[in-house]
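Chemist: structure of the sequence below:
(2 chains)
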Amino acid sequence: MSSEVARHLQKKENTRSLAMSGHVGFESLPDQLVNRSIQQGFCFNILCVGETGIGKSTLIDTLFNTNFEDHESSHFYPHVRLKAQTYELQESNVRLKLTIVNTVGFGDQINKEESYQPIVDYIDAQFEAYLQEELKIKRSLFNYHDSRIHVCLYFISPTGHSLKTLDLLTMKSLDSKVNIIPVIAKADAISKTELQKFKIKLMSELVSNGVQIYQFPTDDETIAKINASMNGHLPFAVVGSMDEVKVGNKMVKARQYPWGIVQVENENHCDFVKLREMLICTNMEDLRDETHTRHYELYRRRKLEEMGLTDMGPESKPLSLQETYEAKRHEFYGERQRKEEEMKQLFVQRVKEKEAVLKEAERELQAKFEHLKRVHQEEKLRLEEKRRLLEEEIIAFSKKKATSEIYQNQPFMTPGGNVRKDKDRKNSSFM
Amino acid sequence: MDPLRQSPSPSSSRASSPRTLPCEMLGYVGIEAVLDQLKIKAMKMGFEFNIMVVGQSGLGKSTMVNTLFKSKMCKSTMPGLGVPTPQTLQLQSVTHVIEESGVKLKLTVTDTPGFGDQINNDKCWDPILGYISEQYEKYLQEEILITRQRHIPDTRVHCCVYFVPPTGHCLRPLDIEFLQRLCRTVNVVPVIARADSLTIEEREAFRHRIQENLKTHGIEVYPQKCFDEDINDKILNSKIRERIPFAVVGADREHIVNGRCVLGRKTKWGIIEVENMAHCEFPLLRDLLIRSHLQDLKDITHNVHYENYRIFRLNESHVLPRGPGWVNLAPAPASIPAPAGPQASPRPPKVCWWAKDNSDEEC
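Modeler: So this is what the prediction gives:
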């Protein structure tokens, strides 16, 4: 196999392969890689989607053989919430940072329309966080805690009939964002024959609705066979339990009923061992790889295209990101210039208008002033005229008075004298 | 917003070490099988390694590469055969795919004939620095595409082996200039070439003087002290640092010594065995480069040198980020100056490298 790949590599890149005449020692390369990974530690994030009480927490406890969390969730949440909890596990020299994300309140509401949106938003938020970190100038990707969801375990209730509409809708909205592995929960409620029919029904429904669930990879020959056979057993019917029951002469994890004991790790009773095999022992790395190279890249591409960037220019020449940015910047700059010009024009116009108005007002004021002045002048002239007339009258009257006094001095004490005296008095007071 | 309707915000899950609870597992789960998965994936994909050899002509660079990888990688030039020395520095890259026990390695060797051969060697390091920056640039361009390839081909130089001529005195000004500039952009491993012309005492004295020179001029060669992560690394690496630069001899002919077939140089006074620790330190170099630190070389190149280059490129674009999503790159300048070229004193390495320094807790 490796020589095939080597040949393929050569064909692609015209590189020559060389035979070595002795032992060089780079066969330790995979070990060096593994050592580095051990030093860094591993990170795995599981999202569990399913109704409340379907056995999500118990199954996770059983999978990782430990007691993660104690309390049961309530059924009365008004919205679907996601709760994430991170645990550090260690097995021999492998450190695993495991994050379990649980959907709280899924399927509990009366109106379930908004049930799957929080889940989609959460997954997108993790991708977004990673994208932001990747686009930073000063970034530290190698010690970034990767919170992207690597696998989604979708719990189907064991009705025995078919998929619920909510399940279908949720899986359809998640299948392009995360690797989905559907499991039939509480599988001890279904009999064996019913289980077969149920599985076939489920798979055909998924296929006919175009839901892409995760297929275990079959391209590597060491695990191809087992993966292919496991693909046929999907969805896994699982039973979870951390209680131990004595069977034969050893304690096994099982659920005890009055009519018998369901052993969790017995392959005849349920598919739990298969799930653990597939999820952890065989394909953990592939799940992480798929998340990073397929789902994350899809998200990134969509997000960057949304921001208006493309790889191809207008003449469909390949444009690099930087050219796109430059073009956009140029565009925005031109737009800004244009807007500035417009505003300037508007301002100048307004100033002109205002000036005209003010000038008009000034002119009016001036005209009024002139008019008032004229009126005033006329008034003054008239008054002058009047005064002149009055003065003439007074002169005429005093002349008369003088002549009449002369007449009065001759005839002494005429009866008109008192009148004249009175007239004098009147005249003096008048003067 | 309804207080109950909260999905965990990205900022809380972006913390590099969230609140984690250590848990005890009550039995075997099978997590360690992930190591095998890693191995299988790595073997399928194959490995890449790019090495550059720098030194004056006649120091045995091509022979050394052939000895390292036990094959005819480069044509070693023999003097007097009428091959003219190049007038200017030209870089030649040769790529081969070699395989051992199922592990495929795509090896690229970049040779630099003409380095330091002219009368005026001023700025002879510029083509080399330009080549290294070009490889970083290629990788950066691939990385910022919208539709990226699944696996970006890695042509960045992971290691530069610098051949110091065996004068026996100290580092020459050309060596010091070059090493100063190079140690900031790539991992440099200096070696004393043609060490068979020095006796063991002369070698030790030469080595000490070179180490002192490196310290005086602030040149940090691989393995760099600031990247030692834990006490084991420190112990291992300080042992290596004591012996740097290695005194090496290269040979690609085999001779019979004591009934065994060994690689060596035959002279009138004896056969110098290349793989004999008493004769030369070639095994140390080989172990460092290939058997123990190859992955580490690649990691430091990717996490430190490439990131530094990226920061440098993104910062010189003069457009302020409109939020963390906006990355504006001005077109690459015609000749990218070496990051420390115009400055008189070398930029303190700690400033840019603290990103890795602060990552004390790895998980």
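
Chemist: for residue A:252, give the beta-bridge partners.
Modeler: Here residue A:252 shows beta-bridge partners residue A:245, assigned using DSSP bridges.

Chemist: am I right that it is in contact with residue A:269?
Modeler: No: with contact defined as C-beta atoms under 8 Å, residue A:252 does not count as touching residue A:269 (10.5 Å). C-betas here are computed from N, CA, C, even on glycine.

Chemist: just the pLDDT for residue A:189.
Modeler: Per-residue confidence (pLDDT) for residue A:189: 87.

Chemist: do I have it right that it meets residue A:158?
Modeler: Yes: between residue A:189 and residue A:158 there is a contact under C-beta under 8 Å: 4.6 Å.

Chemist: find residues that contact each of residue A:252 and residue A:269.
Modeler: Residues touching both residue A:252 and residue A:269 by C-beta atoms under 8 Å, 6 or more residues apart in numbering or on different chains: residue A:263.

Chemist: pick out whichever of those two has more residues nearby.
Modeler: The neighbour comparison of residue A:252 against residue A:269 (other C-beta atoms under 10 Å in any protein chain shown) goes to residue A:269, with 20 against 16.

Chemist: helix/strand/coil for the more buried one?
Modeler: coil (DSSP: H, G, I helix; E, B strand; the rest coil).

Chemist: ok, back up a step: okay, residue A:189 and residue A:158: which has more neighbours?
Modeler: With neighbours defined as other C-beta under 10 Å, residue A:189 and residue A:158 compare such that residue A:158 has more, 19 against 15.

Chemist: low-confidence stretches in chain A?
Modeler: Applying pLDDT under 70 to chain A flags the ranges A:1-15, A:69-71, A:308-326, A:411-431.

Chemist: can you do 80?
Modeler: A:1-24, A:67-78, A:112-114, A:142, A:219-223, A:307-329, A:410-431 (pLDDT under 80).

Chemist: geometric centre of it: which residue is closest?
Modeler: residue A:125 (7.9 Å; C-alpha atoms, centre = their mean).

Chemist: alpha carbons of whichever strand or helix holds it, in PDB - could you do that?
Modeler: Following DSSP states H and E, one finds residue A:125 within helix A:117-135. C-alpha atoms of helix A:117-135 as PDB (Å, rounded to 0.1, in the frame of the first residue of the first chain):
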ATOM      1  CA  GLN A 117     -31.900  26.200  16.400                       C
ATOM      2  CA  PRO A 118     -29.900  26.500  19.700                       C
ATOM      3  CA  ILE A 119     -27.900  23.400  18.700                       C
ATOM      4  CA  VAL A 120     -27.100  24.700  15.300                       C
ATOM      5  CA  ASP A 121     -26.100  28.000  16.800                       C
ATOM      6  CA  TYR A 122     -23.900  26.400  19.300                       C
ATOM      7  CA  ILE A 123     -22.000  24.400  16.700                       C
ATOM      8  CA  ASP A 124     -21.600  27.500  14.500                       C
ATOM      9  CA  ALA A 125     -20.400  29.400  17.500                       C
ATOM     10  CA  GLN A 126     -17.600  26.900  18.100                       C
ATOM     11  CA  PHE A 127     -16.500  27.100  14.400                       C
ATOM     12  CA  GLU A 128     -16.700  30.800  14.600                       C
ATOM     13  CA  ALA A 129     -14.400  30.900  17.600                       C
ATOM     14  CA  TYR A 130     -11.900  28.800  15.900                       C
ATOM     15  CA  LEU A 131     -12.100  30.900  12.700                       C
ATOM     16  CA  GLN A 132     -11.500  34.000  14.700                       C
ATOM     17  CA  GLU A 133      -8.500  32.600  16.300                       C
ATOM     18  CA  GLU A 134      -7.200  31.400  12.900                       C
ATOM     19  CA  LEU A 135      -7.600  34.900  11.400                       C
END
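
Chemist: buried stuff in that helix?
Modeler: A:118-119, A:122-135 (16 or more other C-beta atoms under 10 Å in any protein chain shown).

Chemist: how about residues contacting the following helix or strand past that helix?
Modeler: Of the helices and strands lying after helix A:117-135 in sequence (DSSP H and E), the nearest is strand A:151-156. Applying C-beta under 8 Å, 6+ apart, the external contacts of strand A:151-156 come out as A:45-51, A:54-56, A:59, A:163, A:167, A:170-171, A:174, A:178-185, A:202, A:214, A:235, A:279, A:287, A:291.
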